[in-house]
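In: Fold the following for me, if possible:
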Amino acid sequence: MNFECLLYLSIVKLADLIRLDRTIRVVGFDDAPFERNRDRTVSISGIICGGTRFEGMVWGQIEADGWDATDTICNLLLGGKFHPQIHLVLLDGIGLGGFNLVDLPELAERLQRPCVALMRRPPNLDKMQQAMRRLPDFEKRWDRLRRAGPIHAFHPFYFQTCQEAPGTIAKVLQVLTDRGHVPEALRLAHLIGSAVITGESGYRA
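Out: Below you'll find the model as predicted:
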């Protein structure tokens, strides 16, 4: 892929890709299974898809309930071959490895890509707050959750987004979803992460 193509991929808008019926390249991150109170290191898989077609993968580790998820995702993408190609970053929720919360605005700024934290259902914020109060630095964690912005509902998707309009993201998620309510990049990230750690893919995907 020549420089002109990479430059085009890095600056093109999602709305234009939808309008022109062009392939949208996305990376979806999910954490692999881990045991709370025992595993301090959690693996994360990042699956790159062109539309709903698998095209590549990155793999990293974060600290359970830690603070390094944002840096780890950036380190996996920045300077690598996939970063210039992707148009969108998807996360399976704002928290990876328990409450290792991604700083969504910072991630979008550093990667210079729209970033979306997708949820399967509206979160119970009261229960999340109760759980986070058991961990150090509750106020810092709660602030990071709020920084991700409001939760948008476009059935069947619930998400937070930075650097792109919610309506555009809702259309993109439909294009990136092959079956069910989960974009293919996130579905594969879950399946592959489960298979690597446990020996077989998980039931929920």
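
In: make it CA atoms for all contacts and neighbour counts henceforth
Out: Will do.

In: residue contacts, the residue nearest to the spatial centre of the chain?
Out: In the chain, the centroid-proximal residue (C-alpha atoms, centre = their mean) is Leu91; its distance is 1.5 Å. By C-alpha atoms under 8 Å, 6 or more residues apart in numbering, the contact set of Leu91 is Gly28, Phe29, Asp30, Cys115, Val116, Ala117, Leu118, Leu186.

In: That one bridge partners, please.
Out: Taking DSSP bridges, one obtains Phe29, Ala117 as the residues bridged to Leu91.

In: likewise the one 10 residues further on?
Out: Leu101 has these beta-bridge partners by DSSP bridges: Gly95.

In: Assumed Ile62 was part of a strand.
Out: Yes. Assignment of Ile62 by DSSP: H, G, I helix; E, B strand; the rest coil places it within a strand.

In: which stretches of the chain form helices?
Out: 3-11, 14-19, 69-77, 104-111, 125-132, 138-147, 166-176, 184-198 (DSSP state H).

In: so how far is the second one off the chain centroid?
Out: Looking back up the chat, that one is helix 14-19. 20 Å (C-alpha atoms, centre = their mean, to the nearest Å).

In: Same question for the fifth one.
Out: What separates the centre of helix 125-132 from the centre of its chain is 21 Å, taken as C-alpha atoms, centre = their mean.

In: let's have the chain start at 2 instead
Out: In the new count, where the first residue is 2, that last one comes out as helix 126-133.

In: tell me the angle of that helix relative to helix 139-148?
Out: Here the directions of helix 126-133 and helix 139-148 differ by 140 degrees (axes from the mean of the first three to the mean of the last three C-alpha atoms, to 10 degrees).

In: Just the closest of the contacts of Leu92 to Asp138, please.
Out: Relative to Asp138, the closest of these is Ala118; by C-alpha to C-alpha it sits at 21.8 Å.

In: which residues touch the closest one?
Out: When contacts are counted by C-alpha under 8 Å, 6+ apart, Ala118 touches Leu91, Leu92, Asp93, Gly94, Ile95, Leu105, Phe160, Gln161, Thr162.
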